[in-house]
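> quick one: sequence and predicted model below, then my questions.
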Amino acid sequence: MTDTVAIVTGRRGARRSARVTRPWLPYAYLAPALVLYGLFLLVPLGRAAQFSLYEWDGLGASVFVGFDNYVAVFQSAQLREAFVHALVLIVFFAVLPLCLGLLLAALLTRAKVRGLGFFRTIVFLPQVIAMVVIAVTWRQIYAPTGPLNEALRAVGLGGLARAWLGDYDWALPAVGLIGTWVSTGLVTVLLMAGMSRIPREQYEAARLDGAGALREFFAITLPAVRGEVTVALTLTIVAALKTFDLVYVTTSGGPGTSTTVPSYEVYRLAFTIGEVGAAAAVGIVLTAIVFLINAVVNVIGERR
């Protein structure tokens, strides 16, 4: 018995000694992932930052212009408008889905609903459909003779029918509502997973203290799913700020510039006008905004 203990103790001591003498060992295990991360993310990001300092059409010679491209981003009314549109889309992609998801998840978790797994699948379905397919489908729904306008006419609200994606005032909200439909399922499933872990005893204790359903939600449910709310906001805000395919297929930034977004401006500048440096500058500014907003969201979400 004594020999066995000595052997085990010796092995533990050897492992501790190895950790002390080889502090680089954990980094060696992480090295392959870090190398891939650097090659496929950091290197392209660095090259984009380099391109943003040049005036270049993508083919010919480039001219160093310093930070002129970044100055142009803030001076161009169209580019500023694109960033404002992206911030508006955050409301449709993140804020509205979060409110709807909290309501749906709370109702479905607290109530005994048959076929809950099937409902989760249906709600989550937009996440597994290609955005191009979703955009084409909704473009047909929003068409002047599409199902939406026909339904309005059928119930006597034909005066509200319009070319939704061709209306200067309604095009951006119409695109945003597509994002709401896509994001709500993801947010709902995330929140349902968090709410399902809340002990029932907490709700029973709250009821004994006289708390109603609304009080239970704000005192028990919402604090318990703070982590899931943070993850949901992070994913949906990134989706809102980097959306391209949805805008490209539905409106191509129109009518006029009423639905332009930064990602679409990167495409337009680089491949339509041939201003690769300016496009790279827009991309770098967008990356910084995405990082900043999500850093704030995560700091607030982790604060207890």
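Sure, I can see it. What you are looking at is a predicted structure, and each value in this text was computed from that prediction instead of being measured. Numbering: from 1, shown residues only.

> what about the helices in the stretch 201-304 of the chain?
213-216, 222-224, 226-241, 245-250, 262-267, 276-302 (DSSP state H, counting those that start in this stretch).

> for Met131, find the nearest of those helices.
With CB to CB as the criterion, Met131 lies closest to helix 245-250 of the helices of the stretch 201-304 of the chain, at 4.7 Å. Any C-beta I mention is one placed from the backbone N, CA and C, and that applies to glycine too.

> off-centre distance for the closest one?
On the basis of CA atoms, centre = their mean, to the nearest Å, helix 245-250 sits 16 Å off its chain's mean C-alpha point.

> about what we covered before: would you turn the helices of the stretch 201-304 of the chain into a markdown table with mean neighbour count?
A markdown table is the format used below for the helices of the stretch 201-304 of the chain (neighbours: other CB atoms under 10 Å):
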| stretch | mean neighbour count |
| --- | --- |
| helix 213-216 | 13 |
| helix 222-224 | 14 |
| helix 226-241 | 20 |
| helix 245-250 | 20 |
| helix 262-267 | 22 |
| helix 276-302 | 18 |
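
> could I get those helices in TSV, plus columns for mean pLDDT?
Below are the helices of the stretch 201-304 of the chain laid out as TSV (pLDDT from 0 to 100):
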stretch	mean pLDDT
helix 213-216	83
helix 222-224	88
helix 226-241	93
helix 245-250	95
helix 262-267	95
helix 276-302	91
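
> how about those, which one is nearest Leu160?
Comparing the helices of the stretch 201-304 of the chain against Leu160 with CB to CB, the closest turns out to be helix 245-250 (19.7 Å).

> dump that closest one to PDB, restricted to CA.
Output of helix 245-250 as PDB, limited to C-alpha atoms (Å, rounded to 0.1, in the frame of the first residue of the first chain):
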ATOM      1  CA  ASP A 245     -27.000  38.800 -49.200                       C
ATOM      2  CA  LEU A 246     -30.400  39.800 -47.900                       C
ATOM      3  CA  VAL A 247     -30.100  43.400 -49.100                       C
ATOM      4  CA  TYR A 248     -28.400  42.400 -52.400                       C
ATOM      5  CA  VAL A 249     -31.100  40.000 -53.400                       C
ATOM      6  CA  THR A 250     -34.100  42.000 -52.200                       C
END
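
> which elements pack onto it?
If contacts are counted by 3 or more CB pairs under 8 Å, 6 or more residues apart in numbering; DSSP states H and E, helix 245-250 sits against helix 131-141, helix 171-195, helix 262-267.

> so for Val247, which of these sits nearest?
helix 262-267 (5.1 Å).

> is Gln127 in contact with Val187, as I believe?
No. Assessed by CB atoms under 8 Å, Gln127 is found out of contact with Val187, at 10.3 Å.
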